[in-house]
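# the sequence isn't on hand, but the structure is:
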């Protein structure tokens, strides 16, 4: 029987959500930590814990940056350029352990990373320097190549001339390497993704205030035939990294007529939207 991965992106997809869902499916956290420990850039560590989102027990994967190099990815005031309404303090987003995430393992290390704007060649050099299987390395490089193509289209340049901002930072590099390592550890070669569900409004990034979906997400979707569907919620639910991951690993866009669910996994989103984001993953067996 063939095993396949199904990603339900009805609440969005991002790099950290994907890693968390794959860890929840059974990817070996120790294998992941060993690989990330060999990434040559300093300034980050990882923590893995549990969080409850709308009564669903989710894995929470967090790449923790040294405060000096924090890119504000989960800072709602920064992302949207205004104070969020009080009721948007994630009414449906409840943490375990008396309002906090369960204590996660301490981050691997905290040092400094002085260069956060990188071109594709520099990112590939970092990936090539890390100790992982060739299968994982190839996938990580493919995801970044997809991002580079999308950014090139969005900014009318070539993929070799693109300088990554948010996705060139160490947290995004770690997310993408982690996705590749976890998929390789689970020995998954086929993945079903029906559509990517995105919110509405605007979001702040290195290029300014952008409409949602942001240009890179639109470009990835156009270049790789991904279906984007708007949901009735304000916020960025599909990140460029999430879209690139989907484009790189998707092999089918519909579930088979019959299958058996082997395991389910849930990856928590961290942005505190009125409608919380999370990613559901299923490992299925097809006869």
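Nice, I can see it. Model, not experiment: these values are computed from the prediction. Numbers count the residues shown, from 1 in each chain.

# use CA for all of it now, contacts and neighbours both
Fine.

# not counting the strand or helix carrying residue 175 itself, show me its contacts.
Counting by DSSP states H and E, the element that carries residue 175 is helix 170-186. Residues outside helix 170-186 that contact it (CA atoms under 8 Å, 6 or more residues apart in numbering) are 15-16, 18-19, 22-23, 26-28, 31-32, 35-36, 41, 43-44, 63-65, 113, 116, 123, 127, 132-133, 135-137, 139-140, 143-144, 166-167, 241, 245.

# could you check the pLDDT of residue 6?
Predicted confidence (pLDDT) at residue 6: the value is 98.

# wasn't it part of a strand?
Yes - counting by DSSP: H, G, I helix; E, B strand; the rest coil, residue 6 is located in a strand.

# check contacts around it.
Residues counted as contacts of residue 6 (CA under 8 Å, 6+ apart) are 191-193, 255, 281-284.

# let me know the closest of the residues you listed to residue 220.
residue 193 (14.3 Å; CA to CA).

# number of nearby residues for the residue lying closest to that closest one once chain neighbours are set aside?
Leaving aside its sequence neighbours, residue 193 sits nearest to residue 253 (CA to CA, 6 or more residues apart in numbering; 5.0 Å). For residue 253, the neighbour count with other CA atoms under 10 Å is 14.

# below-threshold pLDDT in the stretch 151-287 of the chain: ranges please.
164-168, 206-207 (pLDDT under 70).

# ok, which stretches of it are strands?
Secondary structure of the stretch 151-287 of the chain by DSSP state E, counting those that start in this stretch: the strands cover 163-164, 191-193, 196-200, 202-205, 208-211, 228-234, 260-268, 278-286.

# need the contacts of residue 6 in JSON lines (columns: distance to residue 152 and neighbour count).
Shown next, in JSON lines, are the contacts of residue 6 (distance: CA to CA, whole Å; neighbours: other CA atoms under 10 Å):
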{"residue": "191", "distance to residue 152": "26", "neighbour count": "23"}
{"residue": "192", "distance to residue 152": "27", "neighbour count": "21"}
{"residue": "193", "distance to residue 152": "25", "neighbour count": "21"}
{"residue": "255", "distance to residue 152": "33", "neighbour count": "16"}
{"residue": "281", "distance to residue 152": "30", "neighbour count": "23"}
{"residue": "282", "distance to residue 152": "33", "neighbour count": "23"}
{"residue": "283", "distance to residue 152": "34", "neighbour count": "21"}
{"residue": "284", "distance to residue 152": "36", "neighbour count": "22"}
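
# reformat those as TSV; add distance to residue 208.
TSV is the format used below for those (distance: CA to CA, whole Å):
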residue	distance to residue 208
191	34
192	33
193	30
255	38
281	33
282	36
283	38
284	41
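
# please list all residues in contact with residue 57.
Here residue 57 is in contact with 50-51, 266 (CA under 8 Å, 6+ apart).
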